[in-house]
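In: Got a predicted model here, sequence first, then my questions.
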Amino acid sequence: MNSDYVISLRNVAKHYPIGDGRFTALQDINLDFSQGEFSGLVGPSGSGKTTLLNIIGSLDSPSEGTASVLGKNIATLSHKESAQLRNREIGFIFQVYNLLPVYTVFENVEFALLLQNRSEAERKKAVMDALEWVGLTHLADKKPSKLSGGEGQRVAIARAMVKRPSIVLADEPSANLDARNTHGILQTMKDLNRELKTTFLFSTHDEKVMQYLERIIHLDDGRIAQDEIVHAQSTPT
Amino acid sequence: MKLAFQLAYRNLLGAGLRTWLNVGVLSFAFVIIIFYNGWIDGWNQQARRDSIAWQYGFGQLQVATFDPFDPFSITDAHAALPAEDDHLTPVLLRLGTLYPQGRTMSIVVKGIDVNQTVVDLPTSALTASKSDLPAIIGEQMALASHLKTGDEVLLRWRDIHGTFDAATVTIAGVFPNQVPGIDKGQIWVPLKKLQDMTLMPDEATYFIADANFQHTEIAGWKYRSQEDLLYEINNIIKMKKMGGSVMYLLLLAIALLAIFDTQVLSVFRRQKEIGTYISLGMTRQQVVGLFTVEGAMTSIFAAVLGALYGTPLLGWIAHTGIAVPMNSQDLGIPIADRMYPVFGLGLILATLMLVVISATIVSFLPSRKIAKMDPVQALKGKIQ
């Protein structure tokens, strides 16, 4: 396994028991991702995109094969080790944002830093920087219920980026957004990718998202159907 | 742990009404528990204080055959002490019959040294009276016999040989008190007089000890210490406390049920939130800790809220007291007309511990389910 890759998957398979049999969600997945890649898993619903993201994000483990993230074998990590990996190295962006409803925008973004025991001053600076990246400093005191869909997703991006992770996993980030907002948040992520060299991995079947990707991996029935390098424009039209 | 408190604080404040409903119910339970126990403690202290002041002194030396709960034992319970002791006040008990306004009342005639100072009985009224046979009675006895100061009433008794005799008694005074043991069904007369009437010179049924009395074994006599004499009162208070605790434990159970219910619902309804915590880097154990601390913090909020309205309320009650119905003396232990609850620091701390620990436990129990949750399913908000 090449340690130059931030993510390395070898013969990864994922099976779920169904009755007496089993359902195979992923099969023979062999992929490597380098630092700073802006890639996407593309495919129809049920093709295994989210399952693969969950394995890479150490929320799940493969039934077969090896998933290595930043040199760590996901299957052998303890609960505490995988929590630390998620806390320090991996940022998640979800389809429905998953913002904590009782927290303000500031507190939502601050959360990961609290887990890292950073000082208050350090947290404040990092949160305001992150909100500035996504253009939401003026909404810092608002609760998620007061935000529009685009604003909510921007907060989710700020929350994922505030700790400056090595990897950001975005699961259908545009599913609840209109075209204008989709382009807005993708452009933000692209800028962050360039500025911070963060590896972004999307799961999507949205054409608008695909326009931004530099590498597209097509999944079909849990297998890699195609792995293509594309050269996305910095500002697709 | 600091993080769990920090996050729990935010979560509880953010949850708004849900939090404040639980806090309100729990704070009510908190204040009621303190009030009830303070009331019982106040009663206990008053009952002990009055019993010592009016009846028990610092202990009693009793004729060995005397049983305060068996009136028939009075007949033979009389003897003289081998040697006089300045620290002992004699009391002689005899059974008698009073005939107030033509009615018949079985009573205990108690002869006491008119110069005694060991108990608060106003025996000076007996010396002040010019009557041949003066007596003082308590308020309850006066009420039951319709007698008042200056009234004369016929008393019949038996002497040492069992011979009946009778004389007119003059009520020299009616004393207010809260101690049934010196009041109901009793009249107090001068000891010397009763000894003469019953042909029992120098004899007594028991002696009330003062603070300086040193007990040594005397054949035919038994010594009952102050604590021993208060044993019955303590037992009654303990029973009362236990009976009352059922009431406040029920109230506490309702409050805890509200927290338990909230926690069970939270574990189901906040699955997406739990999944998000885990995806952001919390371990499942940390999430369990967070939910448990939320419950514990609810109880701390309840204590603070309870202190806000409970301190002035209970302080006012402790100052003004609570009126007790007159017939409450029927319980057989001293109860003042006004009861003054006592809210000690120990009581408040013990109640705080009870509420916080029980709230923590009922918060932890449903939260354990989180430790077995699949974070992927939790993120989707699927019931597990």
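Out: Ah, there it is. Numbering: from 1, shown residues only, chains lettered A, B, ... in the order given.

In: could you pull out the helices for chain A?
Out: A:49-56, A:79-89, A:105-115, A:120-133, A:149-161, A:179-196, A:207-210 (DSSP state H).

In: what helix or strand is the closest residue to residue B:21 other than its chain neighbours on?
Out: If you skip the residues right next to it in sequence, residue B:21 has residue B:258 as its closest partner in space, 7.3 Å away by C-beta to C-beta, 6 or more residues apart in numbering or on different chains. Placement of C-beta: from N, CA and C, glycine included. When elements are assigned from DSSP states H and E, residue B:258 belongs to helix B:231-269.

In: quick revisit: can you list the helices of chain A in TSV and add mean neighbour count and distance to chain B?
Out: Shown next, in TSV, are the helices of chain A (neighbours: other C-beta atoms under 10 Å in any protein chain shown; distance: least, C-beta to the nearest C-beta, whole Å):
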stretch	mean neighbour count	distance to chain B
helix A:49-56	25	5
helix A:79-89	19	2
helix A:105-115	24	5
helix A:120-133	17	11
helix A:149-161	25	8
helix A:179-196	17	18
helix A:207-210	17	20
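
In: Which pLDDT value goes with the closest residue to residue A:141 other than its chain neighbours?
Out: Using C-beta to C-beta, 6+ apart and skipping residues adjacent in sequence, the residue nearest residue A:141 is residue A:104, 5.3 Å away. Per-residue pLDDT puts residue A:104 at 94.

In: contacts for stretch B:305-312?
Out: B:23, B:24, B:27, B:28, B:30, B:31, B:34, B:35 (C-beta atoms under 8 Å, 6 or more residues apart in numbering or on different chains).

In: ok so, going back, so which residues make contact with the helix or strand just after the helix holding residue B:258?
Out: Counting by DSSP H and E, the next helix or strand C-terminal to helix B:231-269 is helix B:271-279. Contact partners of helix B:271-279, identified using C-beta under 8 Å, 6+ apart, comprise A:57, A:59, A:83, A:86, A:92, A:94, A:98, A:100-101, B:267, B:284, B:286-287, B:290, B:370, B:373, B:375-384.

In: returning to what we had before: mind putting the helices of chain A into TSV with distance to residue B:55?
Out: Compiled in TSV, the helices of chain A are given as follows (distance: least, C-beta to C-beta, whole Å):
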stretch	distance to residue B:55
helix A:49-56	79
helix A:79-89	68
helix A:105-115	65
helix A:120-133	66
helix A:149-161	74
helix A:179-196	85
helix A:207-210	91
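
In: Show me which residues of stretch B:216-226 are buried.
Out: By neighbour count on 16 or more other C-beta atoms under 10 Å in any protein chain shown, the buried set for stretch B:216-226 is B:221, B:223, B:224, B:226.

In: Show me what the helix or strand of chain A with the lowest mean pLDDT is in contact with.
Out: Lowest by mean pLDDT, DSSP states H and E among the helices and strands of chain A is helix A:179-196, with a mean of 87. For helix A:179-196, contacts defined as C-beta under 8 Å, 6+ apart pick out A:36, A:38, A:133-135, A:148-150, A:153-154, A:157, A:161, A:164, A:168, A:170, A:173-174, A:177, A:198-200, A:206, A:208-209, A:211-212, A:234-236.

In: And stretch B:114-127, by the same measure?
Out: By C-beta under 8 Å, 6+ apart, stretch B:114-127 touches B:53-55, B:57-58, B:89, B:112-113, B:134-136, B:172-173, B:175, B:177, B:182, B:188-192, B:208-210.

In: Just the ones in helices from those residues, please.
Out: B:191, B:192.
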